[in-house]
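> Fold the stuff below for me.
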Amino acid sequence: MPKKQLISSIREQISVNQTEDALKALIDFFDKRTEDFGKMAKAVRLISSDFYELRQRQLQDTIKPEDHQRELNKIQGRLLALMDDLEAGRVSPSEQPAASPWKKYTLYALLGAGLVTLGLWFGGVLNFQKGCPGFDDNAAFRLLLLPLKSLDGSEASFASSIKSGLDDITQGQNVSIKVHSNYDIEQEGLPGSSDAEVIGTECDAEMVIWGTYEKPKDNYLVNIKYFFLGDETKLQLHRLEVQNSSDIAIVDAVSSIQTNEFLTSNIQSIINLMAGVMAHKHNDPKAAAKQFDKAIAEGSLSKEAEETAELLLADNLMMDSSNRQRAVEVYSEILERDPDNNWAINNRGLLYIKLEQYPEAIQYLDKAIESPKTSDNQRVLYNILKVNAHLNLDEVNEAEKDFIEAERISRSMPDSSKYQKTIKTHRAAIKTAKRKAQERLRGVDPLVPR
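Model (predicted):
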């Protein structure tokens, strides 16, 4: 697509809230022209990461609708500013888009607002890339480990231990794992997710691991965080099929695979967890589930870390058709402890449909919809899942009722545009199903060409 046409198309897509389509078009455009627009490409990747992180927060119902809309407006503003730069003939952004509010405050410090400590820290983060380690040529996956920060002055080389463990697990898999030995954790400071993304982008890594450790008693306590860089859409691996039309239903599993943190007293648990995340990224659910299983079995994870590991385990069991019944059991155990876990509710409903247990899916989703703790966002998702279940049972009228309800709820929401594609797709699926049902009543075989 010519540059002028692209700019016009992106502006039009943003004006009708088709932000995801705009991002995909820009990534495709810049990826083919990295020699000319390398900095632009990185800026778009950062914006894309913020967009999908915001979507995850919305799916998990951890952000208010008005806050979501405000953050979405900021993302769209950054995209429009990039289009202004591109239209003006610039090959790099005139202003580096900030991924989080703290960067604005740090910028003020650099300009002499008096926050000297923050300014020095930010300057360190900007300049760290000079010492980026070199990854192996043609590596299929590039993992960057930052030195872990000691919270109590104790000394340990956990980054090297993690690297050694992951090297053993991934041997022969064309994975390049490097420790960023030039990153001075004491001088640069402990990064957040946005900073880790900047570091990973500058060092050309697909995943960054960092964290802290301390030794309160006899054993070390390690808190590991990770950030996965890349196209978040590639991690939405769960699709449905309706009426034999491949991928007609755009319903994804809820997942927080892109970024998370784990607290443990056993470094082997961290190694297994990170190996699981890497396997998940490469769409190898058997290997991922095996590593998450091992991490949980160690018994050293904090309660929060174990719950997240169980959700990731269940996700990968669901992706493996031979392990889906066990996935039901894991989701059931999670929901027994946490009945309002949106991630588990959504995915177990989807799992029932994958197992072709449509009546069970409908009964289960009905209960979830009726719960007073279920948000409007969740009700839209659950009704759409019910549409798929009813269509697979040839219950067209019931499917249409659920569709009408999902559409009604989505229209009343301030961010209703994000449901446009799903609503449009399901409207078409119901229309097709109704036509086929009418043809059967008239004795017409819908499979025979007319």
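
> Break down the stretch 251-400 of the chain into its strands, ranges please.
Using DSSP state E, counting those that start in this stretch, the strands found in the stretch 251-400 of the chain span residues 259-264.

> what bits of it have low per-residue confidence?
Within the stretch 251-400 of the chain, the stretches with pLDDT under 70 are 251-266.

> cool, the stretch 101-250 of the chain as well?
In the stretch 101-250 of the chain (pLDDT under 70), the answer is 101-130, 230-250.

> where do the strands sit along it?
In the stretch 101-250 of the chain, the segments counted as strands under DSSP E, counting those that start in this stretch are 141-145, 149-150, 175-179, 207-214, 221-228, 240-242, 245-249.

> Quick check: which of those is nearest to residue 293?
Checking those against residue 293 by C-beta to C-beta gives strand 221-228 as the closest, at 18.2 Å. In this view, the C-beta of every residue, glycine as well, is placed from N, C-alpha and C.

> returning to what we had before: need the strands of the stretch 101-250 of the chain in JSON lines with distance to residue 191 and mean neighbour count, can you?
Output for the strands of the stretch 101-250 of the chain, formatted as JSON lines (distance: least, C-beta to C-beta, whole Å; neighbours: other C-beta atoms under 10 Å):
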{"stretch": "strand 141-145", "distance to residue 191": "11", "mean neighbour count": "24"}
{"stretch": "strand 149-150", "distance to residue 191": "10", "mean neighbour count": "17"}
{"stretch": "strand 175-179", "distance to residue 191": "15", "mean neighbour count": "21"}
{"stretch": "strand 207-214", "distance to residue 191": "6", "mean neighbour count": "22"}
{"stretch": "strand 221-228", "distance to residue 191": "9", "mean neighbour count": "22"}
{"stretch": "strand 240-242", "distance to residue 191": "38", "mean neighbour count": "19"}
{"stretch": "strand 245-249", "distance to residue 191": "37", "mean neighbour count": "15"}
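
> Present those strands as a markdown table; the columns should include distance to residue 360.
Shown next, in a markdown table, are the strands of the stretch 101-250 of the chain (distance: least, C-beta to C-beta, whole Å):
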| stretch | distance to residue 360 |
| --- | --- |
| strand 141-145 | 38 |
| strand 149-150 | 48 |
| strand 175-179 | 39 |
| strand 207-214 | 37 |
| strand 221-228 | 33 |
| strand 240-242 | 16 |
| strand 245-249 | 18 |
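
> looking at those strands, which is closest to residue 67?
So among the strands of the stretch 101-250 of the chain, strand 221-228 is nearest, using C-beta to C-beta, at 21.6 Å.

> The closest one packs against which elements?
Applying 3 or more C-beta pairs under 8 Å, 6 or more residues apart in numbering; DSSP states H and E, we find strand 221-228 packed against helix 193-202, strand 207-214, strand 259-264, helix 267-281.

> Using TSV, please lay out these together with distance to residue 178.
TSV is the format used below for the helices and strands packed on strand 221-228 (distance: least, C-beta to C-beta, whole Å):
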stretch	distance to residue 178
helix 193-202	11
strand 207-214	11
strand 259-264	20
helix 267-281	14
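
> Of these, which is nearest residue 141?
Distance to residue 141, taken as C-beta to C-beta, is lowest for helix 267-281 among those, at 6.2 Å.

> Just the angle for that closest one relative to strand 221-228, thanks.
With axes from the mean of the first three to the mean of the last three C-alpha atoms, to 10 degrees applied, the angle from helix 267-281 to strand 221-228 works out at 10 degrees.

> residues of helix 267-281 that come out buried?
Across helix 267-281, burial judged by 16 or more other C-beta atoms under 10 Å covers 267, 269-281.

> Let me know the closest of these to residue 27.
residue 281 (17.4 Å).

> Skip the chain neighbours and tell me the closest residue to the closest one.
Closest residue in space to residue 281, ignoring its immediate chain neighbours: residue 228 at 6.4 Å, by C-beta to C-beta, 6 or more residues apart in numbering.

> Show me what the one you found bridges to in the sheet.
Assessed by DSSP bridges, residue 228 has beta-bridge partners residue 207.

> I'd assumed residue 197 was in contact with it.
No: taking contacts as C-beta atoms under 8 Å, residue 228 lies outside contact range of residue 197: 9.5 Å.

> picking that back up, gap between the residue nearest to residue 281 and residue 332?
Using C-beta to C-beta, to the nearest Å, residue 228 is found at 28 Å from residue 332.

> And residue 372, by the same measure?
Look at residue 372 and residue 332: by C-beta to C-beta, they are 22 Å apart.
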